[in-house]
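>>> no sequence on this one, just coordinates:
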């Protein structure tokens, strides 16, 4: 009985995912458009950084999402390892390339922002270094997923790697507090409220929500694609075996 | 405990019978460091500045080089399956294999490092700390590496893959290992870095065999 439940699950999920996908897609478009308009045209320039501060509206949400996606990969890996839930495995597999892209985007925008502000494209500062390591962890996870002929074996190995690498997340989060670095400390999520003007906070939050819905959209698409690919593989195998 | 010692003895005996492999690791370490004077020029001041980093990076790469065969041969000839079936916990056996790996690669690297320190013109204040830091750091490298080595069993192009998996996790050891030596050379307090290296070792000592054993069980399924 339990086995039937387990196999029925992806079908239920497919229905749910099909319903959610357009919502996620349209809210991504809406939130990103609103966030970009407010951020690029309708928010004040920084008194120190001038117009370059607008880089923040892409940089900060993508950095958040990079860490969020890794936590997502790790949690779904744990669920996949402990309960052998097939959807959790697919979720981890679908999330890591998206997270890697966010991580790369955060590093890229940070580098472009660093040139006018710090006078250099790259410094070996704790936050930058730990983000770079996060990118390598993502790449390792993806490489391990593709390194095996046996899909389940690849999934298990990648899950263990994801759980080992999760140690990096708190290091990234608190690197700016532990080491006194060039990168500025957290200014939005703080105990005594955000140290950022509402005119800048609003576009930032809109962009963050837009990035999140974008992630949901892409992840759902990728999971659905995986499930369908698995079905096709099963059908082909059945045809070959008669 | 018995099975632990037996396992260490078995792996050491196997390693000694193919002792050229272990000599190769040390040779790689020495060659790796000797390349730097050619690359950055033989100026003693520059070599002195980068000596700690070069030795540490060399040690890191050399210890990674030998990781691939940590479980590979046992996996291929089926003895890994027998090990998993023994009443002794797999974690203990992994720990034993890591200990043997460290004795056959980490320890020779430590013994060779003073030679490299001399070649790279390191300040003599750094010698002792370099040895201490390597003594605390290389076991951590073997432990983390065991997880990577267990994960790649049965993978295509495992050798390249393992560097991608393991090197990012090696970074903390590298950072604190080098900064301990640099602090000692600069005449600063270096105890904190050594404590952190010790802390990393204490953290990986229970966790890494656990992770590696989980990965091994997956590979045998």
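That came in fine, so what should we check first? Worth saying up front: this structure is predicted, and the values here are computed from it rather than measured. Numbers count the residues shown, from 1 in each chain, chains lettered A, B, ... in the order given.
>>> Remind me what the lengthiest helix in chain A packs against, helices and strands.
Counting residues, the longest helix found in chain A (DSSP state H) is helix A:198-241. If you count contacts as 3 or more Cβ pairs under 8 Å, 6 or more residues apart in numbering or on different chains; DSSP states H and E, helix A:198-241 packs onto helix A:2-40, helix A:56-83, helix A:86-118. Every residue, glycine included, has its C-beta placed from N, CA and C.
>>> Same list (those helices) but as a markdown table, adding distance to residue B:112 and mean pLDDT.
Output for the helices and strands packed on helix A:198-241, formatted as a markdown table (distance: least, Cβ to Cβ, whole Å; pLDDT from 0 to 100):
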| stretch | distance to residue B:112 | mean pLDDT |
| --- | --- | --- |
| helix A:2-40 | 54 | 79 |
| helix A:56-83 | 38 | 90 |
| helix A:86-118 | 37 | 89 |
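>>> and of those helices, who's closest to chain B?
helix A:56-83 (7.9 Å; Cβ to the nearest Cβ).
>>> Show me which positions of the helix or strand harbouring residue B:133 end up buried.
Counting by DSSP states H and E, the element that carries residue B:133 is helix B:126-151. For helix B:126-151, the buried set under the neighbour-count rule, 16 or more other Cβ atoms under 10 Å in any protein chain shown, comprises B:126-127, B:129-151.
>>> Stretch A:134-146 too?
A:134-145.
>>> just stretch A:40-47 next, same as before
Result for stretch A:40-47 [16+ other Cβ under 10 Å]: buried residues residue A:43.
>>> Identify the residues contacting that stretch?
Here stretch A:40-47 makes contact (Cβ atoms under 8 Å, 6 or more residues apart in numbering or on different chains) with A:51-54, A:57, A:197, A:199-200, A:202-203.
>>> most surrounded residue in the residues you listed?
Neighbour counts for the contacts of stretch A:40-47, by other Cβ atoms under 10 Å in any protein chain shown, peak at residue A:57, which reaches 24 neighbours.
>>> got the contact list for that one?
A:35-36, A:39-40, A:203-204, A:207.
>>> Only the buried subset of those, as a ChimeraX command please.
Here is the ChimeraX command that selects only those of these that count as buried (16+ other Cβ under 10 Å):
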select /A:35,36,39,203,204,207
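>>> closest to residue A:165 among the contacts of residue A:57?
residue A:207 (26.7 Å; Cβ to Cβ).
>>> I'd like the distance between the residue lying closest to the closest one once chain neighbours are set aside and residue B:48.
Setting aside the residues directly before and after it, residue A:207 is nearest to residue A:35 in space (Cβ to Cβ, 6 or more residues apart in numbering or on different chains), at 3.7 Å. The span separating residue A:35 from residue B:48 equals 52 Å under the rule Cβ to Cβ, to the nearest Å.
>>> Likewise for residue B:29?
Distance from residue B:29 to residue B:48, by Cβ to Cβ: 19 Å.
>>> Which of those two has more residues huddled nearby?
Taking neighbours as other Cβ under 10 Å, residue B:29 and residue B:48 compare with residue B:29 leading, 25 against 15.
>>> got the residues of chain A near chain B?
A:81, A:129, A:133, A:136-137, A:139-140, A:143-144, A:147-150, A:153, A:156-157, A:160-161, A:163-165, A:168 (Cβ under 8 Å from any Cβ of the partner chain).
>>> just to revisit the earlier point, angle of the longest helix of chain A against helix A:2-40?
Helix A:198-241 and helix A:2-40 are oriented at 150 degrees to each other (axes from the mean of the first three to the mean of the last three Cα atoms, to 10 degrees).
>>> surely residue A:35 meets residue A:212?
No. Using Cβ atoms under 8 Å as the test, residue A:35 is too far from residue A:212 to be in contact (11.5 Å).
>>> circling back to that earlier point, so which of the buried residues of helix B:126-151 also contact chain A?
B:147, B:151.
>>> Quick check: nearest residue in space to residue 214, chain neighbours excluded?
I went with chain A, as the question did not name one. That would be residue A:28: by Cβ to Cβ, 6+ apart, it lies 4.4 Å from residue A:214.
>>> To clarify, I was referring to chain B.
Nearest to residue B:214 is residue A:160, by Cβ to Cβ, 6+ apart, at 5.8 Å.
>>> Now for the one you found: which residues touch it?
A:77, A:81, B:147, B:151, B:211, B:214-215, B:218.
>>> Excluding chain neighbours, what is closest to residue 99?
With no chain named, the answer covers chain A. That would be residue A:69: by Cβ to Cβ, 6+ apart, it lies 2.9 Å from residue A:99.
>>> switch to chain B, that's the one I care about
residue B:8 (5.3 Å).
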